[in-house]
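Peer 1: What follows is a predicted structure for the sequence shown.
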Amino acid sequence: MSRLSYPAKFTAGSDGRVLVEFIDLPRVATDGKDEREAMEEAMDALGSDLSIRLSRREEIPAPSRAKRGQRLVPVPLWLAPKLALYFAMRDQRVSNSELARRLGLHERVVRRMLDPKHATRPEKIQAALAALGKQMTVEVRDAA
C-alpha cells in the first residue's frame, strides 16, 4: 500500500509565519500565517508542482517516509488518482500504449487520464488501476 502524502518541515519564523519545505521536492516551499493556513498552502503548492511535473512528463519522486519533526502533506484529491496511476505505470514499466491495449482503449484516452487538466471520470482511473493490479481506496481519519 502506498500513501500519497509528502513529508514536509514546518518551521515557525521570527515573524510568526510558518514556513513549509518539502523533503522530496526541494524546489517547493510556501508559508502561512499559522499552522492551518500553512497546511492549506502546502497542499496547494504540492498539487501545483506535481501537476506541472505530470503534464510535462517529468520525473516525479515517490514520497519518502516522514521523519521526526516532519508532517505529511496529502496530495490534493483532484490529483491523487492520476498520480496513483502514474506511479503504478512507472513502477511496472507500462507505457500508455500498453495500458490502452489492456483496457481496449485508444492511447489518447490513457494520455487524458494522466493529464491534470482533464476531468477524467473516477471509474476510468479505477479500471486502469485494476488493469495494473491496483485498487484505490479513500481513507477518512481524524485530523491531527
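Peer 2: Yes, it's here.

Peer 1: any idea whether residue 72 is helix, strand or coil?
Peer 2: strand (DSSP: H, G, I helix; E, B strand; the rest coil).

Peer 1: Give the closest residue to it in space, chain neighbours not counted.
Peer 2: Nearest residue to residue 72 in three dimensions, chain neighbours excluded: residue 5, at 3.9 Å (Cβ to Cβ, 6 or more residues apart in numbering). Where C-beta positions appear, they are placed from N, C-alpha and C, glycine not excepted.

Peer 1: what residues are up against the one you found?
Peer 2: 63, 72, 73, 74, 75 (Cβ atoms under 8 Å, 6 or more residues apart in numbering).

Peer 1: So in this structure, which strand runs the longest?
Peer 2: Longest strand of the chain, by residue count under DSSP state E: strand 5-12.

Peer 1: what comes up buried for that one?
Peer 2: Across strand 5-12, burial judged by 16 or more other Cβ atoms under 10 Å covers 5, 6, 7, 8, 10.

Peer 1: Most neighbours among the contacts of residue 5, which one?
Peer 2: Ranked by the number of neighbours (other Cβ atoms under 10 Å), these place residue 73 first, at 26 neighbours.

Peer 1: any idea which element the nearest residue to that residue once chain neighbours are set aside lies in?
Peer 2: Leaving aside its sequence neighbours, residue 73 sits nearest to residue 42 (Cβ to Cβ, 6+ apart; 4.6 Å). Per DSSP states H and E, residue 42 falls inside helix 35-55.
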